[in-house]
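K.L.:
Need coordinates for the below:
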Amino acid sequence: MLLLPLLLLAVIVPGGENEDAFQGPTSYRSIQTFTIANGTWAQYKVSGWLDDFQIHGWDNDSGKAIFLKPWSKGNFSNEELIELEDLFQAYFIGLTKELQDYVSKVQTEYPFVIQCIGGCELHSGKSIGSFLRGALGGLDFASFKNHSCAPAPEGGSRAQQFCAFASQYKGIQGIIETLLSDTCPRFLLGVLDAGKAELQRQVKPEAWLSSDPSPGPGRLLLVCHVSGFYPKPVWVMWMRGEQKQSGTRQGDTVPNADGTWYLRVTLDVTAGEETGLSCRVKHSSLGDQDIIVYWGHPTSVSLIFLAILVPSLVLLICLALRFLRRRSFQSIS
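P.N.:
Numbers count the residues shown, from 1 in each chain. I've put the predicted structure just below:
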């Protein structure tokens, strides 16, 4: 039973990353967090992801998977999915008691948290690799590779004891191997095929420049904003001519509400040295036509402002002329 947190993650969950084979996600992974608060209470959360894109959740009350996209069932039949859901539900019920027994055996104190991740990934050439890892309290505990359980150094003697115990159950290890080498890859390929229209779409980014409050006397913090792009991988760099600026600092790539991505990249420079700097953006949707925005060039914030202001002024003038003509017509009448 102690293998089940790892075993069942491999069932509904594949995962990994590679950008050579597809212009879109290339892995599926399931992430589970199991919190044991005391001898009678436990809480678990499960989610399924294509790279950084969540497509599955789990309803604890009904014991059913939540399919966040119409294509997130892949090519699995309803019968196969029901079997997996039943397996997960049985796992969650049985695991609570097993973990509580485990606590007494290894002298672990409440509360404690078990984290698991399992899945498979598509490599170039369409070969598929799989992985399965577990953590205890945020530290690596054990993994499944080369058909056996491998304790992590961070897990210490408890991880070694766990793997020694797990090695006795050859039948369960065979099931894990089947799930990782057959079920997971089949599911991954089915989801990628069913959702390819959305997953492999290409959306071009927009880029503009601004400055943040000065980081110190005589200095400027230049900001390059890149937004609205999909898929997620993007390359952004501050440049002077063809020379990369080593001071470039990249923030987190965060999602927009429409499913595209946003990235902010900064450069701290001495005032007066900003002349000649530019921000270069490379993205799969652009082909070999990089976006280059020059600092101080009207294609930055000022152009965006004008692009909004000018049409607005034209519209107001048209409305004013129409109003005046209507009043003039009414006066003549």
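K.L.:
just for this structure, where's the confidence low?
P.N.:
1-24, 39, 91, 94-108, 125-126, 146, 172, 297-315, 318, 323-333 (pLDDT under 70).
K.L.:
quick one: the helices in it?
P.N.:
4-12, 78-106, 156-166, 170-178, 184-194, 196-199, 301-332 (DSSP state H).
K.L.:
Quick one: neighbours of the nearest residue to A194 once chain neighbours are set aside, just the number.
P.N.:
Of all residues not flanking A194 in the chain, W71 sits nearest, at 3.8 Å (C-beta to C-beta, 6 or more residues apart in numbering). From N, CA and C alone the C-beta is placed, and that goes for glycine too. If you count neighbours by other C-beta atoms under 10 Å, W71 ends up with 18.
K.L.:
what about the residue nearest to the spatial centre of the chain, distance to Y230?
P.N.:
In the chain, the centroid-proximal residue (C-alpha atoms, centre = their mean) is D52; its distance is 1.5 Å. Shown here: D52 relative to Y230, a distance of 11 Å by C-beta to C-beta, to the nearest Å.
K.L.:
Then Q168?
P.N.:
Distance from Q168 to Y230, by C-beta to C-beta: 48 Å.
K.L.:
again with G276
P.N.:
Counting by C-beta to C-beta - G276 and Y230 are separated by 31 Å.
K.L.:
Just give the number of residues close to Y110.
P.N.:
11.
K.L.:
Touching, V223 and A207? I think so.
P.N.:
No: using C-beta atoms under 8 Å, V223 is not in contact with A207, being 10.9 Å away.
K.L.:
Tell me which of Q168 and Y230 has more neighbours.
P.N.:
Y230 (25 against 9).
K.L.:
Can you name the residues that contact that one?
P.N.:
For Y230, the contact set (C-beta atoms under 8 Å, 6 or more residues apart in numbering) comprises R201, Q202, V203, G259, T260, W261, S285.
K.L.:
From V203, how far out is it?
P.N.:
Counting by C-beta to C-beta, the gap from Y230 to V203 is 4 Å.
K.L.:
what residues do these two have in common as contacts?
P.N.:
Joint contacts of Y230 and V203 (C-beta under 8 Å, 6+ apart) are T260, S285.
K.L.:
returning to that earlier point: among the contacts of Y230, which ones are in strands?
P.N.:
W261 (DSSP state E).
K.L.:
Pick the one among the contacts of Y230 closest to C163.
P.N.:
W261 (39.5 Å; C-beta to C-beta).
K.L.:
tell me the contacts of that closest one?
P.N.:
S227, G228, F229, Y230, K232, V234, T253, V254, P255.
K.L.:
Quickly list what it is bridged to.
P.N.:
F229, P255 (DSSP bridges).
K.L.:
Check the one 5 residues further on too.
P.N.:
The residues listed as beta-bridge partners of T266 by DSSP bridges are V223, R249.
K.L.:
same thing with I291?
P.N.:
Going by DSSP bridges, I291 forms beta bridges with V281.
K.L.:
From what I see, it and P205 are in contact.
P.N.:
Yes: using C-beta under 8 Å, I291 is in contact with P205, at 6.7 Å.
K.L.:
Skipping adjacent residues, who's closest to T33 in space?
P.N.:
K45 is the one closest to T33 (C-beta to C-beta, 6+ apart), at 4.9 Å.
K.L.:
separation between that neighbour and G216?
P.N.:
Counting by C-beta to C-beta - K45 and G216 are separated by 43 Å.
K.L.:
Look at the two and report which has more neighbours.
P.N.:
K45 (12 against 9).
K.L.:
I figured the more buried one hits Q54, correct?
P.N.:
No: if you go by C-beta under 8 Å, K45 and Q54 don't touch, sitting 12.0 Å apart.
K.L.:
Pull the contacting residues for the closest residue to S72 other than its chain neighbours.
P.N.:
Using C-beta to C-beta, 6+ apart and skipping residues adjacent in sequence, the residue nearest S72 is I55, 4.0 Å away. By C-beta under 8 Å, 6+ apart, I55 lies in contact with G48, W49, F67, L68, K69, S72, V191, G195.
K.L.:
Got a quick ChimeraX command for the buried subset of those?
P.N.:
Restricted to buried positions by 16 or more other C-beta atoms under 10 Å, the ChimeraX selection for those reads:
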select :48,49,69,72,191,195
